[in-house]
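Colleague: Model the structure of this input:
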Amino acid sequence: MKNNPWYYWTDKLVKKPKPCMPGQQVHIQKWDGCYNVHNVYLTHFTIMKNRILYNVPWTYFICLKGQGQSAESLLKRGVRSTLLQVNVLTSTLNNVLKDLKK
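Modeller: Below you'll find the model as predicted:
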C-alpha cells in the first residue's frame, strides 16, 4: 500500500509515522542534494534523479530539507539566530537614542 503514513521497515518494523511523505524534499546518504519524494512504501521511498525514479531504502534517509543536524547546519542556525538578536538589539538601541534626543 503506497503513501500510507504509518510504519516503515529498516532492519525491523518501526511503529512510527514515516519520516517523509510525497511532496517533501529529503536528504539521503546515497547522493548529495535534496530530492522530491514521489511515493512512500513500507520498505522504501521513491525519488527522482535525472528524470529516473529510484527506490531508496529507509536506511538511506538522513533528514527533511531544512532539518539538518550536521555541524554546518547547526552553525548556520546559530549564526542566523545571533544575527537576528543583534538586529533586534540594534533597533531597540536606536529607539532609545531617538527618545534621548527629544
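Colleague: Would you mind listing where this protein has pLDDT under the threshold?
Modeller: 1, 69-70 (pLDDT under 70).
Colleague: okay, now the domains of it?
Modeller: Structurally, the chain divides into domains by automatic domain parsing as follows: 1-67, 70-102.
Colleague: looking at those domains, which is buried most?
Modeller: Most buried of the domains of the chain by mean neighbour count (mean count of other Cβ atoms under 10 Å) is domain 1-67; its value is a mean of 14. Glycine gets a C-beta too; all of them are placed from N, C-alpha and C.
Colleague: quick one, what contacts Q29?
Modeller: Taking Cβ atoms under 8 Å, 6 or more residues apart in numbering, we find Q29 in contact with T59, Y60, F61, I62.
Colleague: Nearest to C20, out of those: which one, please.
Modeller: Using Cβ to Cβ, F61 comes nearest to C20 of the contacts of Q29, at 6.8 Å.
Colleague: Quickly find the element holding the residue nearest to the closest one when sequence neighbours are not counted.
Modeller: Spatial nearest neighbour of F61, excluding adjacent residues (Cβ to Cβ, 6 or more residues apart in numbering): P19 at 5.6 Å. Assessed by DSSP states H and E, P19 sits outside every helix and strand.
Colleague: Please verify my assumption that P19 contacts Y60.
Modeller: No. The pair P19 / Y60 is not scored as a contact, 11.2 Å apart, by Cβ atoms under 8 Å.
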